[in-house]
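[1] Sequence plus the predicted model coming up.
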Amino acid sequence: MEELLESLIKMVGRANQKVDCLQVRVRQLERFISENHLEVRERSPFQMYS
């Protein structure tokens, strides 16, 4: 039973690490999209609506 609990704790820890990494990547992607959206709006001769 103790080994099963240790295994479960390790699995949860790995899952949490993966979620943390995914959150970092999502934030990077959001920042990239936001920065590129602003660049496109600044260069565009047409008014863009969002």
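    Here it is on my side, so go on. Numbers count the residues shown, from 1 in each chain.
[2] quick check: mean pLDDT across the host helix or strand of Cys21?
    Counting by DSSP states H and E, the element that carries Cys21 is helix 2-43. Rounded to a whole number, the mean pLDDT of helix 2-43 is 91.
[3] Return the distance of stretch 31-38 from the chain's centre.
    14 Å (CA atoms, centre = their mean, to the nearest Å).
[4] oh sorry, the question was meant for stretch 19-28
    The answer for stretch 19-28 is 3 Å, by CA atoms, centre = their mean.
[5] Report the backbone C-alpha coordinates of that stretch in PDB.
    Taking Å, rounded to 0.1, in the frame of the first residue of the first chain, the C-alpha atoms of stretch 19-28 are listed here in PDB:
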ATOM      1  CA  VAL A  19       0.800  21.700 -16.200                       C
ATOM      2  CA  ASP A  20       3.300  24.300 -15.100                       C
ATOM      3  CA  CYS A  21       5.300  23.900 -18.300                       C
ATOM      4  CA  LEU A  22       2.100  24.100 -20.400                       C
ATOM      5  CA  GLN A  23       1.100  27.300 -18.500                       C
ATOM      6  CA  VAL A  24       4.500  28.800 -19.300                       C
ATOM      7  CA  ARG A  25       4.200  28.000 -23.000                       C
ATOM      8  CA  VAL A  26       0.600  29.400 -23.100                       C
ATOM      9  CA  ARG A  27       1.800  32.600 -21.600                       C
ATOM     10  CA  GLN A  28       4.600  32.800 -24.100                       C
END
